[in-house]
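Enquirer: Generate a structure from the sequence data that follows.
(chains A and B)
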Amino acid sequence: MQKVTKEHIEKLTDYLWEIPTSFRKDMLVPARILASEQILDDIIEDRSLNQLVNVATLPGIRKASLVMPDVHEGYGFPIGGVAATSYPDGAISPGGIGYDINCGVRLLTSSLKMKDIKEDLEALGKELYAKIPSGMGKGGQIRVFSEQMDEVLHRGAEWGVKQGYGHKDDLAYIESKGRLAWADPSCVSQMAKNRGTDQLGTIGSGNHFVEVDVVEEIYDNESAKAYGLHKNQIVVMIHTGSRGLGHQVATDYIRIMINAMQKYGIKLPDRELACVPFNSEEGQNYFKAMCAAANYAWCNRQIISWEVRNAWETLFGKEKGQLRLMYDVAHNIAKVEDHVINGKNERVIVHRKGATRAFGPNFEELPDAYIAVGQPVIIPGSMGTCSYVLAGTTKSYDITFGSCCHGAGRRLSRTAAKKQVNAPVLKEQLRERGIFIEAGSFKGIAEEAPIAYKDVNSVVDTVNISGIAKKVAKIKPLVVVKG
DNA sequence: ATGTGC
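Expert: Have a look, this model is predicted:
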């Protein structure tokens, strides 16, 4: 298959590039790349642009196949990708959502400032590491079986709150209120449920983490005030997803769809794009299972928040130890949404894989305090760099179906990173810079080294300048807990 | 990402 080169790419604006449908005759829509020229040059040799073109052949795809500036290669679809298909008969594809269904990020804000915790960073890292189970295959203390598991899958974060893992007020500050109503536990295999039995309240491994950060800079006073963020404030970021349960849901339905595709006459350039019509039996079952796994992930992040709050209270006491949920976003999910395409309102199935929803002001789901400034977008950087809070914009609807990037984006494969990085040395270097890492393995540290990632500042500048999200605050890591 | 692999 013909490889994408710079010659095939047309410049639409300084930050938007297009591979037209003339590039390959199976493309149904153009492929668009949101990137600075520097970022584009860095990814041009990557397989991710060919994956982006492949996505443009997805049955029922509308307007354009899109990637954000943090794009990199994924299973079938690129990570950092957005694809909207027509409702109700366009494709739904598990590869367009990812194995870690509802991988996402939440941010908790504290009433503490840098000066309040400067001396406690190491103890804080040890306490968090002790309270929050992490690592590959790791389970926690909580067990959910049969009816209780079904309740978790039905009710998401709400189940956690009901069991005492958090405040009722938390729910308003979660995307979709931490619950997708289409979830149907009967569409989730017993194997998936078994894998999820003891994994609520656990981080997992890879790029997942719990991190204590300090707000280093505020860019937009009005939004920062609405979100309750201010300079020198200590905040906590949680990044994880649906663990083994979501992974098993993806595995189960990818196999089902590979087998069902011929029946619907679907031919694709890569079998990793396996998909079926959204309104087919297989499509509906997957969607209901995906919603259930998404609910599990929201419940997981809810329970981890409870663990973090416990650690916080242990160290700082009841009065100073309060943590408020600022927001929780999903970045591996598909949603049915209404968007304007060619001037007409259309219902579409938006696949976001390593992409964050970034809805602008006046979106009715937002809590009252946020409605005038738009939805918070949380962008974790890599371990030793920094992260960002942005605000969604109305402009994002026109360009990216109301989506934004989800992180810095990998630059090196895990294997390449392991070859280049001496993890014990890196850990010590970060410590000298005042960043304390508590990790279960040196392998994990090497794979997640800052050098393995793109520069988060240039990724965020791209989305900020192109107007799909607005910079609100920059935060800097102090303590990182990883698997 | 994942009881790291058909």
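Enquirer: Show me which residues of chain A sit near DNA strand B.
Expert: For chain A, the residues found near DNA strand B under the criterion CB under 7 Å from any atom of the strand are A:75, A:99-100, A:103, A:136-137, A:191, A:194-195, A:199, A:204-208, A:240-241, A:243-244, A:247-248, A:443, A:448, A:483. Placement of C-beta: from N, CA and C, glycine included.
Enquirer: So among the residues you listed, which ones count as buried?
Expert: Listed as buried from those are A:75, A:99-100, A:103, A:195, A:199, A:204-208, A:240-241, A:243-244, A:247-248, A:443, A:448, A:483; burial here means 16 or more other CB atoms under 10 Å.
Enquirer: buried set for stretch A:149-165?
Expert: So for stretch A:149-165, counting by 16+ other CB under 10 Å, buried means A:149-161, A:163, A:165.
Enquirer: Contacts for stretch A:141-160 next, please.
Expert: Stretch A:141-160 is contacted from outside by A:133, A:162, A:166, A:170-171, A:174, A:177-180, A:183, A:185, A:188, A:193, A:196-198, A:200-201, A:292-296, A:298-299, A:301-303, A:306, A:328, using CB atoms under 8 Å, 6 or more residues apart in numbering.
Enquirer: Give me the contact list for the one helix or strand A:V329 maps to.
Expert: For A:V329, the element it lies in under DSSP states H and E is strand A:323-330. Strand A:323-330 is touched from outside by A:102-110, A:157, A:166, A:169-170, A:173-176, A:178, A:227-229, A:235-236, A:294, A:297-298, A:301, A:305, A:308-309, A:312, A:352, A:356-357, A:370, A:375-378, A:389, with contacts defined as CB under 8 Å, 6+ apart.
Enquirer: repeat for stretch A:255-273
Expert: Stretch A:255-273 is contacted from outside by A:1, A:26, A:51, A:54-55, A:57-59, A:75-77, A:91, A:93-96, A:274-277, A:280, A:282, A:285-286, using CB under 8 Å, 6+ apart.
Enquirer: Buried residues, it. List them.
Expert: Within stretch A:255-273, the residues scored as buried using 16+ other CB under 10 Å are A:I256, A:M257, A:A260, A:M261, A:Y264, A:I266, A:L268, A:P269, A:D270, A:E272, A:L273.
Enquirer: Then stretch A:38-53?
Expert: A:I39, A:L40, A:D42, A:I43, A:I44, A:D46, A:S48, A:L49, A:N50, A:Q51, A:L52, A:V53.
Enquirer: First residue to last residue on that stretch, what's the distance there?
Expert: 20 Å (CA to CA, to the nearest Å).
Enquirer: mind listing what's buried in the one helix or strand A:N457 maps to?
Expert: Using DSSP H and E, A:N457 falls within helix A:456-466. Neighbour-count burial for helix A:456-466 flags A:V456, A:V459, A:V460, A:D461, A:T462, A:V463, A:N464, A:S466 (criterion: 16+ other CB under 10 Å).
Enquirer: residue contacts, the closest residue to DNA strand B within the stretch 51-200 of chain A?
Expert: Nearest residue of the stretch 51-200 of chain A to DNA strand B: A:Y99, at 3.3 Å (CB to the nearest atom of the strand). The neighbours of A:Y99, taking CB under 8 Å, 6+ apart as the test, are A:Y75, A:G246, A:H247, A:A250, A:T251.
Enquirer: hmm, try it at 10 Å
Expert: A:74-75, A:241-242, A:246-251, A:254, A:332, A:353 (CB atoms under 10 Å, 6 or more residues apart in numbering).
Enquirer: Kindly reformat those as CSV containing secondary structure and distance to A:E122.
Expert: CSV is the format used below for the contacts of A:Y99 (DSSP: H, G, I helix; E, B strand; the rest coil; distance: CB to CB, whole Å):
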residue, secondary structure, distance to A:E122
A:G74, coil, 36
A:Y75, coil, 38
A:G241, coil, 28
A:S242, coil, 31
A:G246, helix, 33
A:H247, helix, 33
A:Q248, helix, 37
A:V249, helix, 38
A:A250, helix, 38
A:T251, helix, 39
A:I254, helix, 43
A:N332, strand, 33
A:K353, strand, 37
